[in-house]
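1. here is a sequence together with a model predicted from it:
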Amino acid sequence: MVPDEFQHGSAPPGRGGTAGAGPLLGAHMSIAGGLERAVHAAARHRCRALQIFSRNSNQWATRPLTAEAVGAWKEALARHPMVPMVHGSYLVNLASPDDALYRRSRDAFLAEARRCETLGIPYLVFHPGAHVGAGEEKGLARIVRALDWVERRLGSAAVTLLLECTAGQGTSLGSRFEHLAWIRERLRRPERVQVCLDTCHLLAAGYDFRSAAGYREVFEALDRTVGIACVRAFHLNDSKKDVGSRVDRHEHIGKGTIGSAAFRRLLQDRRFAGLPMVLETPKAGEMDRRNLALLRRLASTPGR
């Protein structure tokens, strides 16, 4: 099951919770064959965190959760305790200027949050959305309205919504810290909405955190705008493309343009101790095992 200290409304891991000193490393796992299979796969990799799609991420229609599916999921988590997260559907666009798509996205996002509540999953990660030519401010304002609409209907549901920073492809919003801050500052209940940082997206968006000085500058900028305390999770991905490319292409840890040193710095940053950090790197052979082994070494090896 999910440890009590990770439940919504309590002290976040690493900032007053009782989690261990190091990061909660994990990976995104497939739910093919049943939600519980993702937990068992994560356990085989000694994961302390897990991310899943709770449904097919590329289809609007979804089957309701059965009592059997929920029971199997919770039983698996009770046997293998770890912090689970759900990644929202890629179809959802809470910034859409098209009213029909906007309403459909809003409804689907609420349904996803309610699935998290049913499954006892504390975090729902989502991309802010794309303005599709309507302009940044109009797109951001629609995101705020959608999130307030969802919040009113969730009530006391124990799920935290995590805005994910983006690479900035096309008209996608969320590639600047200022976008994330703008959204949170205007929400009816900003405490419900926190932040997930993706390392590949950060670099592609132009935040060069690879050197010691660059790392310090990027996270100082984050603290000035969004606030370090709002970061509740990370996606650990190296990048196939270089800084400022605005192209979202994930690479295996240490094999891309970010490199191992920056990951070591992040993994050893005490401000993020106890936070879930999950891989979204390409699935091929034993690469999850290799990437996790490297991350564990980096987390425990002093930098040069």
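-> That came through, no problem.
2. what are the ranges of the helices in the stretch 1-150 of the chain?
-> With helices called from DSSP state H, counting those that start in this stretch, the stretch 1-150 of the chain shows them at 35-44, 67-79, 99-119, 136-154.
3. show me what the first one is packed against.
-> Other elements packing on helix 35-44 under the criterion 3 or more Cβ pairs under 8 Å, 6 or more residues apart in numbering; DSSP states H and E are strand 49-52, helix 67-79. In short, each C-beta sits where N, CA and C put it, glycine included.
4. most packed of those?
-> Neighbour counts (mean count of other Cβ atoms under 10 Å) averaged over each of the helices and strands packed on helix 35-44 peak at strand 49-52, with a mean of 25.
5. what about it, distance to the chain center?
-> 9 Å (Cα atoms, centre = their mean, to the nearest Å).
6. could you do stretch 200-208 as well?
-> 15 Å.
7. likewise for stretch 292-304?
-> Mean C-alpha position of stretch 292-304 versus that of the full chain (Cα atoms, centre = their mean) differs by 22 Å.
8. which residue ranges of the stretch 151-300 of the chain form helices?
-> 177-185, 199-204, 212-225, 260-267, 287-300.
9. quick one: mean pLDDT for the second one?
-> Right, the one you point to is helix 199-204. Across helix 199-204, the average pLDDT comes to 98.
10. give the contact list for the nearest residue to residue 178 once chain neighbours are set aside.
-> Excluding the flanking residues, the one nearest residue 178 by Cβ to Cβ, 6 or more residues apart in numbering is residue 225, at 5.7 Å. Residue 225 sits next to 177-178, 180-181 when contact means Cβ atoms under 8 Å, 6 or more residues apart in numbering.
11. same thing but at 7 Å, please
-> By Cβ atoms under 7 Å, 6 or more residues apart in numbering, the contact list for residue 225 reads 177-178, 181.
12. and for residue 108?
-> Counting by Cβ under 7 Å, 6+ apart, residue 108 touches 60, 89, 92.
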